[in-house]
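Asker: no sequence on this one, just coordinates:
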């Protein structure tokens, strides 16, 4: 799956191209634009994250080809396709010199155009990462989402994968300090305030480099500054990093707002984190209800139990019946190892590699880096009297 931008001064033409390209089976992300090439050069953020630019070349002048050449020189990862009626040999030469990789006739045979796009898509995806995006969401304060998100990122790096943690916790986000003693050079709020400067070099200078393959974009230290972060800022950052990392992790915290919903929408997998007690289950039930209202599928939401003890007040079968979802994973209770890791700012896989927490995080990483498989909801027709009293009829996972 790649990101495609179809461009034509005629909006109807751009939409017609997009409909053909988007009608294939590969589910590419397709957007349209009527901006001229000069406008694309002046507002290059439009091309952030775009893999393939499909241009309507019917009325292109030599000046347009010169502008396109400058554009492709600045965006070396961008592939350009030109659509033109009866393309001549002269047009093919000018297109090639401007950095165009493929020229197709327009109006096009839909199948032929789709096949041409698929050939380009295979080349693009064969040479880049297609990183997974996941989010950790707290069902109630103190559930441990920041600790799990930060240490999962380090666990991914420990098996040779590149991971990025983006701290979206709007209440004094300090996830970076859970795995590093380095003072972050900048925060998500700082990057958002200078979003027009965003490019790989600028972002790299703003990251906390925990290890060679694990980076953290720290959360805003001031809640007031966190409110200045916009969904479009987050989208631009994600467009930039999506193919640079194997795993992009959002630490959402408890806040459900426009910015965090933007992160959840882009996530391949969402982990609501709770503990096995009734207050957490109440919060978990409310959170799953919100996810259902947002239209998230049942296989996208995977319940994670933290600080698990077999002899706790509520058992896993009761939890699954109450929430209508199977538990995707458990992180065992290990107060001593976790406290030492937090207090020293050292990842638990480095401090206590043989601990149950470290082993569970490593297992979670292995599962995440495999193709996801749908998990059917557990039967939800019974449960303890206490849980039935609290929740009433359980919510089933959406297919």
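Answerer: Great, that's in hand. Keep in mind that what you see is a predicted model, and the values were worked out from it rather than measured. Numbering: from 1, shown residues only.
Asker: helices of the stretch 101-250 of the chain, residue ranges please.
Answerer: Counting by DSSP state H, counting those that start in this stretch, the stretch 101-250 of the chain has helices at residues 110-126, 145-158, 188-193, 200-206, 223-226, 231-241.
Asker: okay, those, which one's buried deepest?
Answerer: Compared across the helices of the stretch 101-250 of the chain, helix 145-158 shows the largest average neighbour count, a mean of 27 (mean count of other CB atoms under 10 Å). Where C-beta positions appear, they are placed from N, C-alpha and C, glycine not excepted.
Asker: hang on, the earlier thing: closest to residue 343 out of the helices of the stretch 101-250 of the chain?
Answerer: Set against residue 343 and scored by CB to CB, those come closest in helix 145-158, at 11.9 Å.
Asker: how about the helices of the stretch 101-250 of the chain in CSV, adding distance to residue 295 and mean pLDDT?
Answerer: Compiled in CSV, the helices of the stretch 101-250 of the chain are given as follows (distance: least, CB to CB, whole Å; pLDDT from 0 to 100):
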stretch, distance to residue 295, mean pLDDT
helix 110-126, 27, 85
helix 145-158, 22, 96
helix 188-193, 26, 94
helix 200-206, 31, 91
helix 223-226, 26, 79
helix 231-241, 17, 89
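Asker: can I get those helices in TSV including distance to residue 88?
Answerer: Output for the helices of the stretch 101-250 of the chain, formatted as TSV (distance: least, CB to CB, whole Å):
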stretch	distance to residue 88
helix 110-126	19
helix 145-158	51
helix 188-193	46
helix 200-206	38
helix 223-226	55
helix 231-241	35
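Asker: quick one, which of those helices is nearest to residue 330?
Answerer: Taking the helices of the stretch 101-250 of the chain one by one with CB to CB, helix 145-158 is closest: 11.5 Å.
Asker: residue 341 contacts residue 178, correct?
Answerer: Yes. With contact defined as CB atoms under 8 Å, residue 341 counts as touching residue 178 (7.5 Å).
Asker: now do the shared contacts for those two.
Answerer: 147, 151 (CB atoms under 8 Å, 6 or more residues apart in numbering).
Asker: you'd agree residue 80 is in a strand?
Answerer: Yes. Assessed by DSSP: H, G, I helix; E, B strand; the rest coil, residue 80 belongs to a strand.
Asker: confidence score at it?
Answerer: Here the pLDDT value assigned to residue 80 is 93.
Asker: same thing with residue 382?
Answerer: Value for residue 382, per-residue pLDDT: 36.
Asker: then the one 3 residues further on?
Answerer: Per-residue confidence at residue 385 stands at 46 (pLDDT).
Asker: the helices of the stretch 101-250 of the chain: which one's closest to residue 369?
Answerer: Proximity to residue 369 (CB to CB) singles out helix 145-158 among the helices of the stretch 101-250 of the chain, at 7.6 Å.
Asker: hang on, the earlier thing: do you know which of the helices of the stretch 101-250 of the chain lies nearest residue 287?
Answerer: Taking CB to CB, helix 145-158 is the member of the helices of the stretch 101-250 of the chain nearest to residue 287, at 11.6 Å.
Asker: identify the bridge partners of the residue nearest the centre of the chain.
Answerer: Closest residue to the average C-alpha location of the chain: residue 133 at 3.3 Å, with CA atoms, centre = their mean. Note on residue 133: beta-bridge partners by DSSP bridges are residue 248.
Asker: then the one 5 residues further on?
Answerer: Here residue 138 sits in beta bridges with residue 273, as judged by DSSP bridges.
Asker: relative to residue 181, how far out is the nearest residue to residue 269 once chain neighbours are set aside?
Answerer: Nearest non-adjacent residue to residue 269, counting by CB to CB, 6 or more residues apart in numbering: residue 134, 4.6 Å away. Using CB to CB, to the nearest Å, residue 134 is found at 26 Å from residue 181.
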